[in-house]
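1. got a sequence here, can you model it:
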Amino acid sequence: MGRHKKQPDANHMTPKQQAVFDYIKQCVIERNYPPSVRDICAAVGLKSTSSVFTYINDLETMGLIKKDPAHPRALMITTSEFHAEPSESIVPDREVAQVPLIGTVAAGIPLLAEENVTDYYPIPVDMLPNQKVFMLTVKGESMINCGILNGDKVIVEQQSTCHNGEIVVALVDDSATVKRFYKENGHIRLQPENDNMDPIIVPDCQVLGKVIGLIRMGVK
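-> Reported below is the predicted structural model:
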């Protein structure tokens, strides 16, 4: 007979389970939201994101954290030490979604396919319109006039249609680009927000989503 897998036990956590839980707890205390999967990998010395998800599932089985079925990447600490008094500044029960950061986009491959995702970023759920969102790192200076800079990570609501003038992520020649969208007579104009750059004129393109926000790291 095969060996039965031992069920996770909160009273007998493995060192790695404890390390993952302690790091999540530390981030919630210090930042009011949990870390990204890549952050956990780096902090506890794991090499793959799949290992992190295994430990997260273990912690949920133990009853130490909770995931919302409607927002599968949202994590909340459930232990009693996190039920703070109203006067305290910790807000641990705020739902946070782990939004996927897309590294590459290719025609014919589902946008959120595992091979496209390079990281996950924690974003409060109440700041998102729904769970169909992703992030993309901006490359270049084509949108500087509207405040989107090189290296910014735009938050994108996944949708296939948009209105003229909206800032979208569009797939052109197997490459994702962030531009203002205009459907005109017989063609699509993808307009940069940079006076030194020309628009992209194409017969048609695939709209991947509408930009709804951005994250900028390392502001001085």
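2. look at Leu214 and say how many residues are nearby.
-> The number of residues packed near Leu214 is 18, by other Cβ atoms under 10 Å. Where C-beta positions appear, they are placed from N, C-alpha and C, glycine not excepted.
3. let me fix that: Asp204
-> Other residues close to Asp204 by other Cβ under 10 Å number 9.
4. swap in Val20?
-> 27.
5. so for it, what's the nearest residue that isn't a sequence neighbour?
-> In space, and not counting its chain neighbours, Val20 is closest to Tyr55: 4.3 Å by Cβ to Cβ, 6 or more residues apart in numbering.
6. am I right that Pro122 is in a strand?
-> Yes: looking at Pro122 with DSSP: H, G, I helix; E, B strand; the rest coil, it is inside a strand.
7. tally of neighbours for it?
-> Pro122: 22 neighbours (other Cβ under 10 Å).
8. would you mark the buried spots in stretch 179-199?
-> 179-182, 188, 190-193, 197 (16 or more other Cβ atoms under 10 Å).
9. dump those into a markdown table; add distance to Asn164 as well.
-> Output for the buried residues of stretch 179-199, formatted as a markdown table (distance: Cβ to Cβ, whole Å):
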| residue | distance to Asn164 |
| --- | --- |
| Lys179 | 12 |
| Arg180 | 8 |
| Phe181 | 7 |
| Tyr182 | 5 |
| Ile188 | 10 |
| Leu190 | 12 |
| Gln191 | 10 |
| Pro192 | 15 |
| Glu193 | 15 |
| Met197 | 19 |
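10. can you lay out these as JSON lines showing pLDDT?
-> Shown next, in JSON lines, are those (pLDDT from 0 to 100):
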{"residue": "Lys179", "pLDDT": "95"}
{"residue": "Arg180", "pLDDT": "96"}
{"residue": "Phe181", "pLDDT": "97"}
{"residue": "Tyr182", "pLDDT": "97"}
{"residue": "Ile188", "pLDDT": "96"}
{"residue": "Leu190", "pLDDT": "96"}
{"residue": "Gln191", "pLDDT": "96"}
{"residue": "Pro192", "pLDDT": "94"}
{"residue": "Glu193", "pLDDT": "94"}
{"residue": "Met197", "pLDDT": "93"}
